[in-house]
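Peer 1: Pasting a predicted model and its sequence here:
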Amino acid sequence: MTYAHCRRVALLALFVPMILVVSISCSTLPIPYQTFGEDLAMADAMEAYRLPMVSVDEPEIYYRGEQWAVRAAELIRSARHSIATTVFLASWSPQSAIVLEELAAKARSGIPVYLIFDSISYLEYTASSEKMKSLNKLRADGVRMLEFNPFTGERILLLHNLMLREHRKFLIVDSEIVALGGMNYNYVSLNDSSSSEGQRDSMYVFRSHELAKLLIENFVEFWNASTWDEVALDTLLVNRSTVQPEVQHRAWVADQYHTNETVKAMFLALFDAADREILLLPFLPFLDKVMKDSVKRAVDRGVVVKMLVPWDMRTENRLAVEYAALDLLELGIELYREPEPQGDYRYPLLHEKLVVVDDRYVMVGSSNYNYRSMNLSNELSVVVESTSLNRLSREHLNELFIDAHRITVEEARSWRKLEVLPNYWFTFVGG
Amino acid sequence: MRKNRLVLIVIMLACMQLSFASYRTAGYGWSVEGTAFLLQPAYSSSSGALHILLTPFDFEFLEPAMFCEVRFGIRSGSPGYLNLTAGSEISLFRMINHPFGFLMPVNKTAYAPSFSIGARWESHDAEVPRLYMQLAWLRLLEKDAWYQWFSPFVTLDVRSGQIDSWGIQLWRFSYLVW
């Protein structure tokens, strides 16, 4: 091999990756509002953002962790063909054992059970951290597990991936039943929701083969892209003759993984197509420019945007939200917060994510309304077109809003302190 | 000359297309190694390196990847740039069920020993590159990361045809992010 040859090989080895990096496009989402103007219909917006549409029935709704744990265990026990489930946080505790033991039992009986959870499960700093135990028993029972983006010494310089986290929460049973929402398989999520160590959250159970099929196809693609323990689609997916439920609703699905930005697209669609009012439980509302522009467009059209944030008992998070409040108010958002707890009372964290638009649409799922959920997390959210679900969700929101305190600009200004800025930035990216 | 350039462009375009056809085909990584020079022991070193790599194919056997690595370290008590290596890393085979799973117990890994061959330009004698060869016998793959430990290597002086240096790469971790 001559010097010239070696130099050519070296140049090739350097040059090709450079071209690759440059050629990977940074996609910018189209904004259909600019095309359609103020008459943009929700279905057109969803279609413009290429969000798939499915039919779903009227969902069962669970607002309490301990009730969802019992129902999840029932659904798992009823499985005859397969179970695929993904959660952000999974760990063994007396509360989550109700669900996890059913998963183990199903795996032992020979039914394929696939579980994805995020590696950050082992770094929890909530009350779960004092209760949790490893999930190794599940593996021994035959549950196929994928720990997403593990925190290990070898991966310490895998910087980009360390920021990307698996935040979806769903359970699919027999390609037919889909439960999705904000609850994990851990101590705080499945604890008594009125206890200070519990959480207030929500899960929705749909019966829809279309939705299940879409999610299983994505699950298999994601699983096989993440581990060598690959799974065949027909292991999890069974084709069913579609039995149409009595009540059917159109629903659009944002299954965001591999940073495909579908949840971001769904939020943009909602804000671009809203006619009158948007009510949000955002959890940790840290907005980037794209999100701010989207809110501004809606407010400028006369849409009322109301947002309720929790009184987070974790001071660091609460201060960060307070810091962000002024930005939200300047966008024209009506911002509310739960009242300060009195005496020794401690709120169970309001971890719920919910968006209600006009009188017809409801968005449920795992996604917070913030930068991290739009850009750095895998998320699953669904917009359902249903006046009945809309009404129920409004009633639920009204109960939360009834005692809430509307934040004023003066308050928000008083919260904007320089010493909170690092805290705000940390939560902006990590919250 | 024109023909060579055309071939180069075609290869580049082909690599780009392949990269879009599969998942995560390029990345970066780091490694730590110790090197002993047989004829010039003063050049022996302890070092760390950064590398980039491209793995456009998805073969179960003889899967090639290209890499380019720049190495810094301590030689005769002085820190500095040591060498540049470019070449191809060939996974000999890929095995899902293997006895080394306990080393990476979190998610299932594939065992894929590899043989690397390339050119190394030493800073103390950059005129003529050495032929670099490495055997990574303990090499585990995740879908987005490759890990190898205790990989022996040698470099040959192409002028004399003799072994110039040898060493052990203690570990080499590669992250496929694009």
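Peer 2: Done, it's in.
Peer 1: Tell me the confidence at residue 153?
Peer 2: As the question left the chain open, I've gone with chain A. As predicted, A:G153 sits at a pLDDT of 88.
Peer 1: Actually, chain B is the one I wanted.
Peer 2: Confidence for B:F153, expressed as pLDDT, is 98.
Peer 1: Is it bridged to anything, and to what?
Peer 2: Taking DSSP bridges, one obtains B:Q134, B:G167 as the residues bridged to B:F153.
Peer 1: Give the burial count for A:L280, as a bare number.
Peer 2: 25 (other Cβ atoms under 10 Å in any protein chain shown). No exception for glycine: its C-beta is placed from N, CA and C like everyone else's.
Peer 1: Packing partners of the host helix or strand of it?
Peer 2: When elements are defined using DSSP states H and E, A:L280 is found to belong to strand A:277-281. Using 3 or more Cβ pairs under 8 Å, 6 or more residues apart in numbering or on different chains; DSSP states H and E as the contact test, the elements touching strand A:277-281 are strand A:304-309, strand A:354-357, helix A:387-401.
Peer 1: let's see it at 6 Å
Peer 2: For strand A:277-281, the helices and strands in contact under the criterion 3 or more Cβ pairs under 6 Å, 6 or more residues apart in numbering or on different chains; DSSP states H and E are strand A:304-309, strand A:354-357.
Peer 1: Just checking: what are the partner strands of the helix or strand following the shortest one?
Peer 2: Spelled out, that is strand A:354-357. Proceeding N to C from strand A:354-357, the next assigned helix or strand is strand A:361-365, under DSSP H and E. Strands adjacent to strand A:361-365 in the sheet, as given by DSSP bridges, are strand A:354-357 (antiparallel), strand A:377-385 (antiparallel).
Peer 1: Give me the contacts around the first one.
Peer 2: Applying Cβ atoms under 6 Å, 6 or more residues apart in numbering or on different chains, the external contacts of strand A:354-357 come out as A:L270, A:A274, A:I278, A:L279, A:L280, A:L281, A:V362, A:M363, A:S393, A:R394.
Peer 1: now it: mean pLDDT?
Peer 2: When pLDDT is averaged along strand A:354-357, the result is 98.
Peer 1: Go through that strand and flag the buried ones.
Peer 2: When neighbours are counted by 16 or more other Cβ atoms under 10 Å in any protein chain shown, the buried residues of strand A:354-357 are found to be A:L354, A:V355, A:V356, A:V357.
Peer 1: Would you confirm that A:V56 contacts A:F206?
Peer 2: Yes. With contact defined as Cβ atoms under 6 Å, A:V56 counts as touching A:F206 (4.5 Å).
Peer 1: Save the contacts of strand A:354-357 as TSV, and put in pLDDT too.
Peer 2: Formatted as TSV, the entries for the contacts of strand A:354-357 read as follows, by pLDDT from 0 to 100:
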residue	pLDDT
A:L270	95
A:A274	95
A:I278	98
A:L279	98
A:L280	97
A:L281	97
A:V362	98
A:M363	98
A:S393	98
A:R394	97
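Peer 1: Of those, grab the buried ones for PyMOL.
Peer 2: Restricted to buried positions by 16+ other Cβ under 10 Å, the PyMOL selection for the contacts of strand A:354-357 reads:
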select buried, chain A and resi 270+274+278+279+280+281+362+363+393+394
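Peer 1: which of the contacts of strand A:354-357 lies closest to chain B?
Peer 2: Distance from chain B was checked for each of these by Cβ to the nearest Cβ. The minimum falls on A:M363, at 29.3 Å.
Peer 1: if I look at that closest one, how far off is A:N224?
Peer 2: From A:M363 across to A:N224, the span is 29 Å (Cβ to Cβ, to the nearest Å).
Peer 1: Same check on A:E246?
Peer 2: A:E246 sits at a distance of 37 Å from A:N224 (criterion: Cβ to Cβ).
Peer 1: what about A:I111, which SS state?
Peer 2: coil (DSSP: H, G, I helix; E, B strand; the rest coil).
Peer 1: in the host helix or strand of B:S174, what counts as buried?
Peer 2: Take DSSP H and E as the rule and B:S174 turns out to sit in strand B:162-176. Applying a neighbour-count criterion of 16+ other Cβ under 10 Å, one finds B:I163, B:D164, B:S165, B:G167, B:Q169, B:W171, B:R172, B:F173, B:S174, B:Y175, B:L176 buried in strand B:162-176.
Peer 1: and what of stretch B:97-106?
Peer 2: Per 16+ other Cβ under 10 Å, stretch B:97-106 contains these buried residues: B:M104.
Peer 1: How about residues contacting that stretch?
Peer 2: Outside of stretch B:97-106, the residues within contact range by Cβ under 6 Å, 6+ apart are A:E147, A:P150, B:Y111, B:L140.
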